[in-house]
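**Q** The amino acid sequence is not available; the structure is as follows:
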């Protein structure tokens, strides 16, 4: 009996001791990240059958159990990866939102100041200070484009650095998880007991990994983890890791792309596979916010330069020079051609160039309306197939928008792509039409240094004969692209019912648009049209316009017989500001996106879209924070250490220890009593 008492007492002491050790371990790890509370699982020893019945043999500790639930832990990881992603996006979006919407340093005030300068010139065309003021405002606008693009590019460079850092951390965590996998397998196979602390460490690493990128895990039969990213790409398999890479993109060497190191080399991953965590947030921000912002800013810059230049080139400078004259400068702004990037893996000798198409001009015959471009904010991918065939894909919507075979040209969305040499199948080229337009927009230095070269005036004018007696008025006229003044001057003379005297290829229409023939022209030799009468009906002019060689004029009123009008070059027209009025009008005209948006509205849409994304990211981040807190509380209610509870456990196991020791003492006393019997 005494030996039974001693054995039972010893088992009780051991059980209480392990309980105390587990409790103390909980207390000291109460603030250890990822630690799960541990507790002893006790069971009775196998009893001994006697004639009096089964006699118990004490207690044993079956295992040390950690309070863990894979579902609750998974909920925490899922919420954590969302919070980390949204936090990364919000931090970056806030920078862009503040920068673009700045009422002083944004683009809007610079645009307004520039066109205010244009209006000063139109009000006082001969004023050199007004012209200089316009050029100063133009330089401020150019600088503002450059500064905004430079700041966006800096954010992009910082983003590249953070992506590289995140990838390095992911690989480090993956390596640690693989190492823990090996240690866990060894521990479990050697002792047949769960290595709780190692399991907690591995779970914590998975949680840290989820802060960087969304991962999924699966448990192998030996207790090791497999870790996957994206749509099942392996990151950790047991004790092995697959390295993630951050290298220059094959399509754009200035852009960091995510890849996987395989036996065949680095395999670039589609950005759609990089989701969740800080890395997913950074990649999403770059694709959905940063790149579109740079391209939208570039589109505004390129469209402004091209549409303004198109109208600007139809004018006359203060020295009377017009298009075709020596010393005439027809463009105020310049932007670089679209950027062409050959694929890093290209194997052939294919090559291509890209250029901007001229903006769509006001249509003949009346040249009403304004210039506009068809540029988009998308990049384009030219991919070569078999036999020299190629396709052009618009990357923003993944639509094939053009193609051909062999050396050829294709016009798409305001740009012209010229295939100068075909590539081999699989070769590709990325075209970035407007990505560098804002960064590299410039003013012509000749105009900047000489304000007299500003083309504020119109190249032609009309002059009524001083002796005219009728009420007819001939407008000063509007010129269009490709106009010519080679046959100036021209004189129109009125009879009782006709205007005559046009001896060059001029035409006329009635107000309903029907053409009045003025004689046939030879389509092969382009021989001048012969003179033709312009009839007046019932003594009133129903003529809506006369145009030729890129010019249009309007007629109103009733001429008297013998009235004459001269159409001539606007020589000496220093007070003429008609062309500056037309390019001032561009401020409120739809010049972008196929003639559906103004400079200001395009930029305003950019500001608004970034503002919406910023607010949306903040709201979603705050909501996901609440979800994370809820998931963490649910996990902590099971797994976290409660100091008060552990203090009570200390007292409980201490009392159990003391009671078991008392049993042992009684057993010893009885044993000594037996030994003392003689």
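**A** Done, it's in. Here the structure is a predicted model, which means the values were calculated and not measured. Numbering: from 1, shown residues only.

**Q** For burial, what's the neighbour tally of residue 205?
**A** Close neighbours of residue 205, defined as other Cβ atoms under 10 Å, add up to 22. All C-beta spots, glycine's among them, are computed from the backbone N, C-alpha and C.

**Q** what residues go with each domain of the protein?
**A** Domain assignment for the chain by automatic domain parsing gives 2-67+644-676, 73-127+141-285+609-632, 337-434, 460-569.

**Q** Tell me which residues of the helix or strand harbouring residue 71 come out buried.
**A** Here residue 71 sits within helix 70-100, counting by DSSP states H and E. Applying a neighbour-count criterion of 16 or more other Cβ atoms under 10 Å, one finds 72-90, 92-93, 95-97, 99-100 buried in helix 70-100.

**Q** if we can go back for a sec, of the domains of the chain, which shows the lowest average pLDDT?
**A** Among those, domain 460-569 has the lowest mean pLDDT, at a mean of 58.

**Q** related to what we said a few turns ago, tabulate the domains of the chain in TSV, adding columns for distance to residue 317.
**A** Formatted as TSV, those follow (distance: least, Cβ to Cβ, whole Å):
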stretch	distance to residue 317
domain 2-67+644-676	72
domain 73-127+141-285+609-632	10
domain 337-434	20
domain 460-569	13
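
**Q** can you tell me which of those comes nearest to residue 323?
**A** domain 460-569 (7.7 Å; Cβ to Cβ).

**Q** now do the same end-to-end measure for that closest one.
**A** This stretch, domain 460-569, spans 4 Å end to end (Cα to Cα, to the nearest Å).

**Q** can you check stretch 225-236 too?
**A** So stretch 225-236: terminal residues 8 Å apart, Cα to Cα.

**Q** and for that stretch, what are the contacting residues?
**A** Here stretch 225-236 makes contact (Cβ atoms under 8 Å, 6 or more residues apart in numbering) with 170, 174, 177-178, 181, 202, 206, 209, 213-220, 237-238, 241-242, 244, 260, 269, 273-275.

**Q** ok so residue 207 is a helix residue?
**A** Yes: assignment of residue 207 by DSSP: H, G, I helix; E, B strand; the rest coil places it within a helix.

**Q** Count the neighbours of it for me.
**A** Residues near residue 207, counting by other Cβ under 10 Å, number 18.

**Q** ok, of the contacts of stretch 225-236, which come out buried?
**A** The neighbour count (16+ other Cβ under 10 Å) marks 170, 174, 177-178, 181, 202, 206, 209, 213-217, 237, 241-242, 244, 260, 269, 273-275 as buried among those.

**Q** In helices, which of those appear?
**A** In this view, the buried ones among the contacts of stretch 225-236 that belong to helices under DSSP state H are 170, 174, 177, 178, 181, 202, 206, 209.

**Q** Residue 668 versus the last one, what's the distance?
**A** Looking back up the chat, that one is residue 209. From residue 209 across to residue 668, the span is 55 Å (Cβ to Cβ, to the nearest Å).

**Q** same question, the fifth one
**A** Using Cβ to Cβ, we find residue 181 at a distance of 48 Å from residue 668.

**Q** now the strands for the stretch 451-600 of the chain?
**A** Applying DSSP state E, counting those that start in this stretch to the stretch 451-600 of the chain gives strands spanning 460-464, 473-474, 478-479, 490-494, 498-500, 507-510, 515-516, 534-535, 543-548, 551-553, 555-556, 564-569.

**Q** Identify the residues contacting residue 216.
**A** Residue 216 neighbours (Cβ under 8 Å, 6+ apart): 227, 228, 229.

**Q** immediately after the host helix or strand of residue 608, which helix or strand?
**A** Residue 608 belongs to helix 599-639 when elements are defined using DSSP H and E. For helix 599-639, the following helix or strand on the C-terminal side (DSSP H and E) is helix 643-676.

**Q** So for that following helix, what gets flagged as buried?
**A** Buried-residue list, helix 643-676, by 16+ other Cβ under 10 Å: 646, 649, 650, 653, 656, 657, 660, 663, 664, 667.

**Q** Could you export these to CSV, including columns for distance to residue 300?
**A** CSV is the format used below for the buried residues of helix 643-676 (distance: Cβ to Cβ, whole Å):
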residue, distance to residue 300
646, 64
649, 68
650, 70
653, 73
656, 78
657, 79
660, 83
663, 88
664, 88
667, 93
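
**Q** re earlier: please compute how far the following helix or strand past the helix holding residue 71 lies from its chain's middle.
**A** With elements assigned by DSSP H and E, the helix or strand that comes after helix 70-100 is helix 107-123. Helix 107-123 sits 30 Å away from the centroid of its parent chain (Cα atoms, centre = their mean, to the nearest Å).

**Q** Mind giving me the packing neighbours of helix 107-123?
**A** helix 128-191, helix 578-585, helix 599-639 (3 or more Cβ pairs under 8 Å, 6 or more residues apart in numbering; DSSP states H and E).

**Q** Relative to residue 355, which of those is closest?
**A** Of all those, helix 128-191 sits nearest to residue 355, with 20.4 Å by Cβ to Cβ.

**Q** just the angle between that closest one and helix 599-639, please?
**A** 20 degrees (axes from the mean of the first three to the mean of the last three Cα atoms, to 10 degrees).

**Q** hang on, the earlier thing: helices or strands up against the helix holding residue 608?
**A** Packed against helix 599-639 by the contact rule (3+ Cβ pairs under 8 Å, 6+ apart) you find helix 70-100, helix 107-123, helix 291-312.
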